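Asks: Let's see this in three dimensions:
(2 chains)
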There are 2 protein chains.
Amino acid sequence: MPPNQLYQYSLIGALLRGICADGLPAQDLLPHGTHGLGTVSELDGEVIILDGTVYHFPSTGMCSVQSLNPSERMPFALMTDFQPTKTAPITTPLNATTLFDIVAPLLGRGQNHFLSVRVDAVFSVMTTRIIPKRTSPTAGETLADLAQRQAVTTITETKGTLFGFWSPPYVAGIGVPGFHLHYLSDDRRSGGHVLDFRAETGEVQAAVLRKVDIELPETEEFAELAVDVPEADAVERAKGLGQ
Amino acid sequence: MPPNQLYQYSLIGALLRGICADGLPAQDLLPHGTHGLGTVSELDGEVIILDGTVYHFPSTGMCSVQSLNPSERMPFALMTDFQPTKTAPITTPLNATTLFDIVAPLLGRGQNHFLSVRVDAVFSVMTTRIIPKRTSPTAGETLADLAQRQAVTTITETKGTLFGFWSPPYVAGIGVPGFHLHYLSDDRRSGGHVLDFRAETGEVQAAVLRKVDIELPETEEFAELAVDVPEADAVERAKGLGQ
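Replies: Alright, predicted model coming up:
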């Protein structure tokens, strides 16, 4: 795939609808880029892809990141061939607000394009969550249901890499408006879906994305359950925020 | 482009925001397929692409369909390499409702994928509209504003081709949920954006689309004006319905 395009498999609205039993084999995701994020079948934890390697935080525990089996199914994933067009040292304390201030100049005032963002830093605070695996698919539990019993962890003084995307508001139903970030520590022992962070030193890299390829699942569950535009607060709950 | 994928340039939300001065040169649209629809700079009329030829109904009059200048800018367009997987003769009176009944089996119950649809028929009734060209871009008139003074025409007993797409509800902000159809008569004298139709004989062809490539404009107007998810009734008004 050409650099700095976004490849998306399925829809955030599909996860919110509980469409997460089946998906794209992990090995079919890698041709679409070098960096990304996602989840695995039955929402069993969190996935981050850095420099072409897929890391999986299973819902059974924080300290057991592992490479994902190439045949493992991913019901939702985002990928990009990340080639940053902006690189900046961290000079003032970095959090989600100041991170956006740094990368926003890549967008025009309309903020209608997408961004990919990577931060390599020592994080003084890093709060992540890992979604518990769905144990009763037939009960139709959705991402929002599972997020109610997510495992939230805050660690301090952690060196690692945060990667993810910023999406414009009009993606509601297809993607997550705003930042969607995952984290992996350098020692490969901690990480997950990022809820909050702070860093004083390190580096921010980013690129603007103007082409979005959406691949819709050919799975039976996707064909059978209607996906609608979710309410904004359902997305916030699924992201683990605004509860 | 591989068959039966949807290529989309810009967003319906951008048209609704009045982002329509600039766009993709018509010649850059053709590599993305054989069939499609769109509009031109300042919303000067309606465009339909059939079998690789771009037809333009300028807002100056119905009876003057013309080939589009290859350098003409298109602020919004949809294209597909149309290779129908379903073909059916018209056996009962065809309108938008019965057309959906015919093509819906290509979707699962969830109706989450997209469809391309072509109808070749003698239409007993065909009602189309042509949007008037925007004359005051600096006043920021939007598609919904212009739709208030669209030229609506109903013709009877017209032989021609209707082509367009059906999109699922979650595309709000990016595309038009439901049918978005344009028409061109065989004599190349009438057509435009379809508001209503009826046919008793002819043929329906359709295909399901599972991959959507969205290209976001690199134009200054797109970079500067924020696109949000439009209200459903704004989309209906822009489609020329529900006024």
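
Asks: any chance you could map the helices in chain A?
Replies: A:12-16, A:96-103, A:143-147, A:220-224, A:232-239 (DSSP state H).

Asks: Looking at those helices, which is nearest to chain B?
Replies: Closest approach to chain B among the helices of chain A is made by helix A:220-224 (2.6 Å; Cβ to the nearest Cβ). Every C-beta, even on glycine, is put in place using the N, C-alpha and C of the backbone.

Asks: What is the closest one packed up against?
Replies: In terms of contacts (3 or more Cβ pairs under 8 Å, 6 or more residues apart in numbering or on different chains; DSSP states H and E), helix A:220-224 is not packed against any helix or strand.

Asks: Bridged to the residue lying closest to A:Ser124 once chain neighbours are set aside, which residues?
Replies: Setting aside the residues directly before and after it, A:Ser124 is nearest to A:Arg198 in space (Cβ to Cβ, 6 or more residues apart in numbering or on different chains), at 5.1 Å. Here A:Arg198 sits in beta bridges with A:Val125, going by DSSP bridges.

Asks: was I right about A:Arg198 contacting A:Ala121?
Replies: No: counting by Cβ atoms under 8 Å, A:Arg198 stays clear of A:Ala121, with 9.5 Å between them.

Asks: Identify the contacts common to those two.
Replies: Overlap between the neighbourhoods of A:Arg198 and A:Ala121 consists of A:Leu94, taking contacts as Cβ atoms under 8 Å, 6 or more residues apart in numbering or on different chains.

Asks: one step back: so for the residue nearest to A:Ser124, what's the pLDDT?
Replies: pLDDT recorded at A:Arg198 is 94.

Asks: what do you get for the one 5 residues further on?
Replies: For A:Glu203, the model assigns a pLDDT of 92.

Asks: how close does A:Thr60 sit to chain B?
Replies: Spatial separation of A:Thr60 from chain B under the definition Cβ to the nearest Cβ, to the nearest Å is 31 Å.

Asks: how many other residues sit next to that residue?
Replies: Applying the criterion other Cβ atoms under 10 Å in any protein chain shown, we find 12 residues in the vicinity of A:Thr60.

Asks: A:Thr80 bridge partners, please.
Replies: Per DSSP bridges, residues listed as beta-bridge partners of A:Thr80: A:His35.

Asks: Could you pick out the residues of chain A near chain B for me?
Replies: In this structure, chain A approaches chain B at residues A:11, A:13-14, A:107-114, A:168-174, A:210-218, A:220, A:222-229, judged by Cβ under 8 Å from any Cβ of the partner chain.

Asks: try 6 Å this time
Replies: By the criterion of Cβ under 6 Å from any Cβ of the partner chain, the positions of chain A lying close to chain B are A:13, A:108-113, A:169-170, A:172-173, A:210-216, A:222-229.

Asks: Out of these, which end up buried?
Replies: A:13, A:108, A:110-113, A:169-170, A:172-173, A:210-216, A:222-223, A:225, A:227, A:229 (16 or more other Cβ atoms under 10 Å in any protein chain shown).

Asks: can you count the residues close to A:Gly140?
Replies: Counted by other Cβ under 10 Å, the residues lying close to A:Gly140 total 12.

Asks: was I right about A:Pro84 contacting A:Leu209?
Replies: No: shown here, A:Pro84 and A:Leu209 do not form a contact pair, counting by Cβ atoms under 6 Å, at 11.6 Å.

Asks: neighbour-wise, which of those two wins?
Replies: For the pair A:Pro84 and A:Leu209, the greater number of neighbours falls to A:Leu209 (21 against 18), based on other Cβ under 10 Å.

Asks: The closest residue to that one other than its chain neighbours and A:Ile214: what is the separation?
Replies: Ranked by Cβ to Cβ, 6+ apart and with sequence neighbours excluded, the top spatial neighbour of A:Leu209 is A:Phe114, at 4.0 Å. Between A:Phe114 and A:Ile214 the distance, using Cβ to Cβ, to the nearest Å, works out to 12 Å.

Asks: A:His56 and A:Val47 touch, don't they?
Replies: Yes: contact between A:His56 and A:Val47 holds when scored by Cβ under 6 Å: they sit 5.3 Å apart.

Asks: and the end-to-end length of stretch A:52-67?
Replies: The first and last residues of stretch A:52-67 sit 11 Å apart, counting by Cα to Cα, to the nearest Å.

Asks: Identify the residues contacting the residue nearest the centre of chain A.
Replies: With the centre of chain A defined as its mean C-alpha position, the nearest residue by Cα atoms, centre = their mean is A:Leu37, 4.3 Å away. By Cβ atoms under 6 Å, 6 or more residues apart in numbering or on different chains, A:Leu37 lies in contact with A:48, A:78, A:164, A:182.
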